[in-house]
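Chemist: here is a sequence together with a model predicted from it:
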Amino acid sequence: MSFSEEKRKAIQLYMLEKIRMDDTLFLKKTAEVFSISETSVRRYVKMCIDKKLIEVSNKNQCGYRLVTYEKKWSVSNDGTLEEDQIFYAEILPELKEISKNAKDIWAYTFAEIMNNAIEHSEAEKISYAVKRDCLYTEISIVDDGIGVFKNIQKYLLAHGIKNVSTEQAVLELYKGKLTTNLKEHSGEGIFFSSRMLTEFAILSDHAIFSMKSENRESFIRSHLIAYYTRLEKVGTMVVMKLENQPAHTSKDIFDRFAPIERGFVRTEIPMREMCPLGNPVARSQARRILRRLDEFEEIIFDFQGIDFMGQGFADEIFRVFQNRHPSIRLIPVNANESVLGMIHHVTVGKIEQNQQSEE
């Protein structure tokens, strides 16, 4: 039986994803999903070995692993570094066999994060690395500077916000529009980078900020170990991961949160991340989340993973804050019946059901 090119690519991609996850049942699952024999799947295995996409591995339980390429650099932050020059001279040549979308996203995200290391970290040394296989590329940047969360704490204290813990400083990054140097930066780099990438994580001062990373400790740890022998101190480490053929573009992300005719007017608050110790229940939690959100025109509250919301928390956001800022649109998404019921309770039905879905 002859398959279309599209189906052959789909079979290969599915099989490679399973191998990357070290799934011992990858032969059976691939055969079942695509209604083909395991013998046919083995032919795909051989083809991928011949193409040097995978190799036999005694360490992996499935017997194979994706062939991985890696390159590392370390430089002194001596005042001469330019992030765009580093990208085009060193990083881009390593981004082989990836789509134009992926290259465009990496050009933006690498430049933003490297610029933070150069200009904000007060670091003496910066190290960075590219690791890629046939499915994903990962780029990490680490410096020996002050640490991003300490920088945020210092900035907030200077602006009259006291007693901000490291954990609370982490939460500020989810909102966007936070910069410790307003004259020269807009506070958009981390926000947009974290949403363009498949996975994104920052480690600093024993705390982690992450987006779309199901096992963020493992994601960070694998890179951290590689840097221990090259840095005496880790101020901030940023780890980024992206599919080699992403469906979205950098423009898609900008259009979602910063339409060209309106600017950076919309933010998205991942409630599960903002309330890591449990469901949102207290007014004090709500007030920390609401800090600086009056700078936006639309706020999406993503309740994915939230089972219950307390009356005080809901009242502080959906009644008190909304009454103070009636022109700001509050949009709850991925909310279960319990959460929606609490919103309705505190607003007496003022938030319409059609606001649950983003326009």
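Modeler: Yep, it's here.
Chemist: sketch out the strands for the stretch 201-350 of the chain, chain order is fine.
Modeler: 207-211, 236-243, 266-270, 298-302, 329-333 (DSSP state E, counting those that start in this stretch).
Chemist: only the buried residues of the first one, if you could.
Modeler: Spelled out, that is strand 207-211. Ala207, Ile208, Phe209, Ser210, Met211 (16 or more other CB atoms under 10 Å). For the C-beta atoms, the positions are set from N, CA and C on the backbone; glycine is no exception.
Chemist: any chance of these in TSV, plus pLDDT and distance to Ala158?
Modeler: Formatted as TSV, the buried residues of strand 207-211 follow (pLDDT from 0 to 100; distance: CB to CB, whole Å):
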residue	pLDDT	distance to Ala158
Ala207	87	20
Ile208	87	25
Phe209	90	21
Ser210	87	27
Met211	85	27
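Chemist: of the residues you listed, which is the nearest to Lys100?
Modeler: Met211 (23.2 Å; CB to CB).
Chemist: the closest one contacts Phe192, doesn't it?
Modeler: No - here Met211 lies out of contact with Phe192, judged by CB atoms under 8 Å, at a distance of 10.8 Å.
Chemist: centre of the chain to stretch 102-122, how far?
Modeler: How far stretch 102-122 lies from its chain's middle: 14 Å, per CA atoms, centre = their mean, to the nearest Å.
Chemist: how about it as CSV, C-alpha atoms only?
Modeler: What follows is stretch 102-122, C-alpha atoms only, in CSV (Å, rounded to 0.1, in the frame of the first residue of the first chain):
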residue,chain,number,x,y,z
ALA,A,102,11.0,28.7,13.8
LYS,A,103,14.0,30.8,12.7
ASP,A,104,11.9,34.0,13.0
ILE,A,105,10.8,33.0,16.5
TRP,A,106,14.3,32.2,17.6
ALA,A,107,15.6,35.5,16.2
TYR,A,108,13.2,37.4,18.5
THR,A,109,13.4,35.2,21.6
PHE,A,110,17.1,34.8,21.6
ALA,A,111,17.7,38.5,21.1
GLU,A,112,15.3,39.5,23.9
ILE,A,113,16.7,37.1,26.5
MET,A,114,20.3,37.6,25.6
ASN,A,115,19.8,41.4,25.8
ASN,A,116,18.4,40.9,29.3
ALA,A,117,21.6,39.0,30.3
ILE,A,118,23.8,41.7,28.7
GLU,A,119,22.1,44.8,30.0
HIS,A,120,20.1,43.9,33.2
SER,A,121,22.0,41.1,34.9
GLU,A,122,25.2,42.9,35.9
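Chemist: show me which residues of it are buried.
Modeler: So, applying 16+ other CB under 10 Å, buried residues of stretch 102-122: 102, 105-121.
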